[in-house]
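Q: below are the sequence and a predicted model; questions follow.
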Amino acid sequence: MRRRLRFARVLSALFLSWFVGGIAVAADAPEVVIEIYRIAPGKHEEFLRAIASFDQANAEAGLPPRQLFVHSGGASWDFILIQPAEHTDEQSKKLDAAFKKLGLPQGARFFVSFRQTILEHTDTHATQTTAAEFLKKLDGK
């Protein structure tokens, strides 16, 4: 129960930061994946360097970088990443080409190499909205 409450507080803080930061909420906002990481001891820098290289691949493919949140107190997570949950086929092709160009691991090699930095991770899919917009969907509008 405590873990769920902490998770809810973290997500609430993240979403609040979006609103305070002036990010507009679109009625048709795309689904995002929210990834919460606890990093293996001594692997924090390696994890961040990997994320920076993935963001470089995103830039080369014309995609935005992941949103990165760094732990500063409270719950046990180290980093939270928020990024689009899906890419178009064209975006995926460009991203694959960027990974190859940059010499980044792909497929099973990606899974094995990236997981060496992670102690624990969870992810969840969500869409950003407001109560009023979501109620419109409930009301069939």
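A: Received the coordinates, thanks.

Q: grab the nearest non-local neighbour of the residue minimising distance to the centre of the chain.
A: In the chain, the residue lying closest to the centroid (C-alpha atoms, centre = their mean) is Ile82, at 2.3 Å. Closest residue to Ile82 apart from its sequence neighbours, by C-beta to C-beta, 6 or more residues apart in numbering: Gln67 at 4.2 Å. C-beta here means a position set from N, CA and C on the backbone, and glycine is covered the same way.

Q: what is the rounded mean pLDDT of the strand or helix carrying Arg109?
A: Here Arg109 sits within helix 107-115, counting by DSSP states H and E. Averaging pLDDT along helix 107-115 gives 94.

Q: pull the residues that contact it.
A: Contact with helix 107-115 is made by Ala50, Leu104, Pro105, as judged by C-beta atoms under 8 Å, 6 or more residues apart in numbering.

Q: next helix or strand past that helix?
A: Counting by DSSP H and E, the next helix or strand C-terminal to helix 107-115 is strand 118-127.

Q: and Ala108, how far from Phe69?
A: Separation of Ala108 from Phe69 (C-beta to C-beta, to the nearest Å) stands at 29 Å.

Q: of those two, give the one with the bigger neighbour count.
A: Here Ala108 and Phe69 are compared on neighbour count by other C-beta atoms under 10 Å; more neighbours surround Phe69, at 18 against 8.

Q: now do the buried residues in the helix holding Arg109.
A: Phe114 (16 or more other C-beta atoms under 10 Å).

Q: right, I'll call it a day here.
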